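> Predicted model follows, preceded by the sequence.
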Amino acid sequence: MEQSKTLQDINGFMGKLLFVDLGSGEIEERPLDEAVAKNYLGGPGLGAKILYDEMPGKTDIYAPESMIGFVSGVLNETGSFLGGRYTVVSKSPVTNGWNDANSGGMFGPMLKRSGYDAVFVKGISEKPVYIYINEGKAEIRDASALWGKPVTEVEKALFAELGDKVVIAQTGIGGERKSAMAAIMNNGHRAAGRGGSGAVMGSKNLKAVVVYGSQKPTIADKDAQSEINKQISDWQKNGPVQGLVGGFKELGTTLFYEPSAYNGDLSIRNWAGANNELTEEQIKEPMTQERFKKKKYACSACPIGCGAIFSIDEEGVDIEHGGRPEYETMGMFGSQMMNSDAMTINVCNNLCNEYGLDTISLGATVAWAMECYNDGTLSKEELDGVELTWGNKDAIIEMTEKICKGEGVGEILQHGSRFAANHFGKGHHARSDASGIEIPQHDPRFSPGLARTYQYDPTPGRHTKGGLTPQYGNKPPEIKYNYDNTAVDDVNGVVFQEIANSGGYCQFAEFGFPEGAHMGLISAVTGFDYTDEERRRLGLRMYILRHAFNLREGFRRDYWTIADRIIGEPPLEEGPLAGVTVDAKKLADNFFTEIGFDQDGVPLKETLEEVGDLENVIRDLYE
């Protein structure tokens, strides 16, 4: 069934949401309510609103009623600098709770051009299918010929069928197998990577969502938007961040690798080692990967262009069109495993992209198995004969391939280190996860506030969520290890990041914008004028609704965990973080009190009433 409605007049939005039921084949178009747009923006905020309203509590992840949504950021396709990211929302097969994961590239902007702000999918198709949205018309098409193919082959096949202007978000072979680390890939190498949303997509026999169009949202005040973009450009070229921006233009996020190795933010030997275990040459050697650079890559509306396309044809490796490994990926397949070989990092990155798996969780899981092999917890036989000695590049690639293909022990490891430790009944000492999701390459012992974010954000184990960010680790020890005064900055950080993520901003906007530009662009595009108090309620509302999704599942504070090792229990004995143990409990106590929750992590009724438009949460928690 197809429906077409007149564009709803909400500046910055297309004004339409698409709902697809793969079981019945029904396609429904609904208008986006302006009050919902103003109160939840886009991305994870709007996604949380729709899933909370539409998806019954305690729905099994792989049930027909389980939903997955692809939600544009408010600033997608508006020309607003660094406003090109979209978000995938669903339940997580790792935590059984809320999950959102975002990605750059071109999918979010093209989704808007196709006529919709978001697409929400439920039901299970009898055979593999893809959803094709073209200029406001949607249909479900057969994808049987695409099932079981790697990401780039799927893209080539769909380009041949539909033209190379379409943009594709797809689950990979890992998602088809319901791997708990399955990502959703777009533009070949861009990933909504964390929490296993690709497995939800695969469980529905949904191979891809393909979008194309030429429509554009209206902008409330183009002159104001243009002026703010000019201010941002000047800030990046002439302001205090010009050196950092220049570094990102040249090296992307890998710019962080060396300094993070020296200051302690980077994982060494599965978070159990210190940087004195690496020589200076070993720290610098992964950066030799820049020899593979073919051309720059920039996401939509990005003046920085931190990405790069690599082409590799040496040492028996043939990668035609691969993305440069991000900082997180370099850390996972580099120092985390005591590997300094740039080629190995690239091969593993490409394998993950082709099979559609999260490089953070996969790399950390290989490192977990590596430590367990080296300390005798797991035998060579239990690891299919792979000699996972530290830094063994051939073994790293072999185990990565096993996980990507789900073969042998890879069938176990594809669900992450917590799952594997439970399966083997051992190895819990070597875990580095928060509630089963392996943490990224930012150490809470370096930036202590991350312990609260990793453990208690509704999507655990993320460095891109609000709070006391990785940059907090650059503060003097007497400040960052003082746990008495963290609450206000922690909650303010949540408010800021909720709005940034739902606006569709790249993380670089955190440092790459002058003060006031974030909300300035959102207001210029939408015409929504928020007072300071309204802005605060906006950020809190989106956070609380994501959190309430988990509360409705029955999860309270004691459900969410963090590995002892990564908060310094016991502390490291050497290196820049020697002797550090993070007071994770105090950080959480402070946060819950400041945000207006009880110490069990439940929002007080008066908090919900003050934030507003959370009547459904009040009903579920108090009535």
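Great, that's in hand.
> What's the first helix or strand after the one helix or strand Ala169 maps to?
Ala169 is located in strand 167-171, with elements delineated by DSSP states H and E. Later in the chain than strand 167-171, the nearest helix or strand by DSSP H and E is helix 173-176.
> With just CA atoms, put that next one into PDB.
The C-alpha trace of helix 173-176 is given here as PDB (Å, rounded to 0.1, in the frame of the first residue of the first chain):
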ATOM      1  CA  ILE A 173      26.300 -11.000   6.900                       C
ATOM      2  CA  GLY A 174      26.900 -10.600  10.700                       C
ATOM      3  CA  GLY A 175      23.500  -9.100  11.100                       C
ATOM      4  CA  GLU A 176      21.900 -12.000   9.000                       C
END
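> thinking again about what came up before, quick one: strands adjacent to the strand holding Ala169?
Partner strands for strand 167-171, per DSSP bridges, with pairing direction: strand 184-186 (antiparallel), strand 206-212 (antiparallel).
> contacting residues around it?
70, 88, 103, 105-107, 110-111, 130, 151, 154-155, 158, 182, 184-187, 192, 198-199, 201-202, 206-212, 356 (C-beta atoms under 8 Å, 6 or more residues apart in numbering). C-betas here are computed from N, CA, C, even on glycine.
> Would you map out the domains in the protein?
16-212, 252-438, 450-622 (automatic domain parsing).
> what's the distance between the second one and the middle of its chain?
In other words, domain 252-438. In terms of C-alpha atoms, centre = their mean, to the nearest Å, the centre of domain 252-438 is set 17 Å apart from its chain centre.
> circling back to that earlier point, which among the domains of the chain is found nearest to Gln225?
With C-beta to C-beta as the measure, domain 450-622 is the member of the domains of the chain nearest Gln225 (4.1 Å).
> ok, now which ones touch Phe446?
With C-beta under 8 Å, 6+ apart, Phe446 has these contacts: 263-265, 470, 473, 576-577.
> What's the separation between it and Leu577?
To Leu577, Phe446 is 6 Å away according to C-beta to C-beta, to the nearest Å.
> what's the answer for Glu553, then?
35 Å.
> of the two, who's got more company?
Neighbours per residue (other C-beta atoms under 10 Å) separate Glu553 from Leu577, with Leu577 holding more: 21 against 16.
> Tell me the confidence at the more buried one?
Looking at Leu577, its pLDDT is 97.
> repeat for Gly316
Value for Gly316, per-residue pLDDT: 82.
> What is the burial count for it?
7.
> Next up, phi/psi of it, please.
Dihedral angles of Gly316 (phi, psi; degrees, to the nearest 10) stand at phi 80, psi 10.
> Would you mind measuring from it to Lys393?
For Gly316, the distance to Lys393 (C-beta to C-beta) stands at 13 Å.
> likewise Trp368?
From Trp368 to Lys393 the distance is 18 Å (C-beta to C-beta).
> cool, and Arg269?
Taken as C-beta to C-beta, the span from Arg269 to Lys393 is 15 Å.
> check contacts around Lys204.
22, 68, 121-125.
> can we see that at 10 Å?
Counting by C-beta atoms under 10 Å, 6 or more residues apart in numbering, Lys204 touches 20, 22-23, 62, 64, 66-68, 121-125, 128-129, 171, 175.
> taking the residues you listed one by one, which sit in strands?
Here DSSP state E is the test, and the contacts of Lys204 give 20, 68, 121-122, 129, 171 as lying in strands.
> Top of those residues by number of neighbours, please.
Most surrounded of the ones in strands among the contacts of Lys204: other C-beta under 10 Å gives Thr171, at 31 neighbours.
> Tell me the secondary structure at Asn99.
Asn99 carries the three-state label strand when classified by DSSP: H, G, I helix; E, B strand; the rest coil.
> That one reaches Arg194, doesn't it?
Yes. Counting by C-beta atoms under 10 Å, Asn99 touches Arg194, with 7.7 Å between them.
> Looking only at neighbour counts, state which of these two leads.
Asn99 (30 against 26).
> For Met343, see how far away that one is.
On the measure of C-beta to C-beta, Asn99 and Met343 end up 33 Å apart.
> And Leu468, by the same measure?
From Leu468 to Met343 the distance is 36 Å (C-beta to C-beta).
> More neighbours: those two, which one.
Leu468 (25 against 20).
> what about the closest residue to that one other than its chain neighbours, how many neighbours?
Using C-beta to C-beta, 6 or more residues apart in numbering and skipping residues adjacent in sequence, the residue nearest Leu468 is Gly449, 2.3 Å away. Counted with other C-beta under 10 Å, the neighbours of Gly449 add up to 26.
> looking at it, Gly449 is touching Phe591, isn't it?
Yes. Counting by C-beta under 10 Å, Gly449 does reach Phe591; the two are 9.1 Å apart.
> Would you mind listing the residues touching both of the two?
Common neighbours of Gly449 and Phe591, counting by C-beta under 10 Å, 6+ apart, are 467-468, 486, 490.
> Show me where the protein dips below the pLDDT cut-off.
The chain contains residues with pLDDT under 70 at 1-8.
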